[in-house]
Structures are given as structure tokens and as C-alpha cells.
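K.L.:
take a look and give me a structure for this.
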Amino acid sequence: MKHRLFLFDLDDTLLDFKASEHLSFARTLGALGFHAPLEGLFAQYQAINTALWRQFEAGTVAKEFLKVDRFRQTFAANGLDLDPEAASRLFVESLSDTVVLIDGAARLCEELAGVGEVGIVTNGAEQIQQLRIASSGLGKHISFVCTSEACGFAKPDVRFFEHAGKLARAFARHEAVIVGDRLDADILGANRYGIESCWFNPDGAANDSQAVPTFEVASLHDVVRALTPVS
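P.N.:
Here you go, the predicted model:
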């Protein structure tokens, strides 16, 4: 294997953020006294949250605004008299207690840490992601964590990847690869920065974007095989 630096997206690549998000959302609304069925409300929240994250990645909204406004919009759309700032705080606090690993994540990080250096590259908030990594048990295999909050730029901005490269013990473009689930952030960012990429695509989604992954896998168990050339 030629790669010596393995950059991993965190949410929905190593950690099942969808599962964690649902658990944290339920805990948050329960703490605020809302106990009605959540599925429709949660689906609305997800759509609003996704739209706000796209705006953040485009540099049009701040992360602190995003964290509160996703609840403000959700509550307003449903006529709920709930405090969005309290919801944001409770939700963030809950995320570190609701960590769910993607199948194969721990073993993959351990194996690749024995080959080279493993780093996390995430658009998530610094404190939240550090706590979630600690709760996941993956921290012992990870050399560094690069967050958009700490460096001031978000994937797919090339400046984000430049910052990640500076955090690595040793960096060479031809030895680096990013593994991530998002074409528009992880894979496109790798394309722009000039490093290889592995698209984690467990749902078999079609690639109708301008991003071009070097490799594609449906399971984390297949990553090492994909990165290892056939002799």
C-alpha cells in the first residue's frame, strides 16, 4: 500500500451520525417537555439542518447561527413554543453520549494506524467532535483532528486540506488519501487539493456530481482491499 496518511471524515463514515442525531433529537425534545411522535418533526429538522450546513460550507452562515436556527425554524414551522437556544445546547450536550460506530470503523482505524498516520477531517464543531471521538474509543488510533471550526475553512475548501496537511507528522500528496461519504465535501475537496479519495457509499448512490473518487467501497471492511494494489 502506497498510502501513509489516511484522512477520515467522521460523521456517517466512521460514526453513524444519523443514529446519534435521532437519539439526541429525541432526548432534547423530551427534556423540553415535548413527548408527541417525533418522526415527521425529525424529518423536517433534518431537511432544515442539511440546508443550513450547505450554506455554512458555502460560507454564507456562521456555525453558531446554524446550531440554533435549525431548531428555531423547526419549531416555528410546527407552531411549537419551545426555546431553540435551549434545544441547541441540550442537543450538543447529548451528542457525545449517543455515539454509534459504523461497522468496521474500529478495526479499520487500528489497522491503518499500524501502516501510517490516521487523521480526522470534519466540518463539525471542535469540542463536539473531540468529545464524540473520545466516547467512540477511536482516539487511540488517531493522530490528529482537523475541524472547520479550528482552521476557519470548511470542506471542500482547499485551505481546509492545507491545514490538515500541516497537522500531519509527515505529508506528501501522493501518499495521502481521504475516506468519506460526501461527494460534495470529501471527494470534491480531495480532487481540488490533488490527493486520492475513497468514496464510502454504503447505499449504492449514483454519482451525478463533478467529484471523481479514486476508489469506491460499500463497506469499511473493503477499504484496505481497495487501497492495496493487485500485484
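K.L.:
residue 143 versus residue 59, what's the distance?
P.N.:
Distance, residue 59 to residue 143, using Cβ to Cβ, to the nearest Å: 28 Å. In short, each C-beta sits where N, CA and C put it, glycine included.
K.L.:
who has more neighbours out of these two?
P.N.:
With neighbours defined as other Cβ atoms under 10 Å, residue 59 and residue 143 compare such that residue 143 has more, 15 against 10.
K.L.:
can you pull the contacts of that one?
P.N.:
113, 117, 118, 119, 168, 169 (Cβ atoms under 8 Å, 6 or more residues apart in numbering).
K.L.:
phi, psi for the residue nearest to the last one when sequence neighbours are not counted please.
P.N.:
The reference is to residue 169. Nearest residue to residue 169, sequence neighbours excluded (Cβ to Cβ, 6 or more residues apart in numbering): residue 117, at 5.6 Å. Residue 117 adopts backbone torsions of phi -120, psi 130, taken as degrees, to the nearest 10.
K.L.:
do the same with residue 144
P.N.:
In terms of degrees, to the nearest 10, the main-chain angles of residue 144 are phi -160, psi 160.
K.L.:
CA-only coordinates of the helix ranked longest in the chain in CSV, if you can.
P.N.:
Under DSSP state H, the helix in the chain containing the largest number of residues is helix 39-57. Taking Å, rounded to 0.1, in the frame of the first residue of the first chain, the C-alpha atoms of helix 39-57 are listed here in CSV:
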residue,chain,number,x,y,z
GLU,A,39,-40.8,11.1,13.1
GLY,A,40,-42.4,13.9,11.0
LEU,A,41,-40.8,16.6,13.1
PHE,A,42,-37.4,15.0,12.9
ALA,A,43,-37.6,14.7,9.1
GLN,A,44,-38.3,18.4,8.9
TYR,A,45,-35.4,19.2,11.2
GLN,A,46,-33.1,17.1,9.1
ALA,A,47,-34.1,18.9,5.9
ILE,A,48,-33.6,22.3,7.6
ASN,A,49,-30.3,21.2,9.1
THR,A,50,-29.0,19.9,5.8
ALA,A,51,-29.8,23.2,4.0
LEU,A,52,-28.1,25.2,6.7
TRP,A,53,-25.0,23.0,6.6
ARG,A,54,-24.8,23.6,2.8
GLN,A,55,-25.0,27.3,3.5
PHE,A,56,-22.2,27.0,6.1
GLU,A,57,-20.0,25.1,3.7
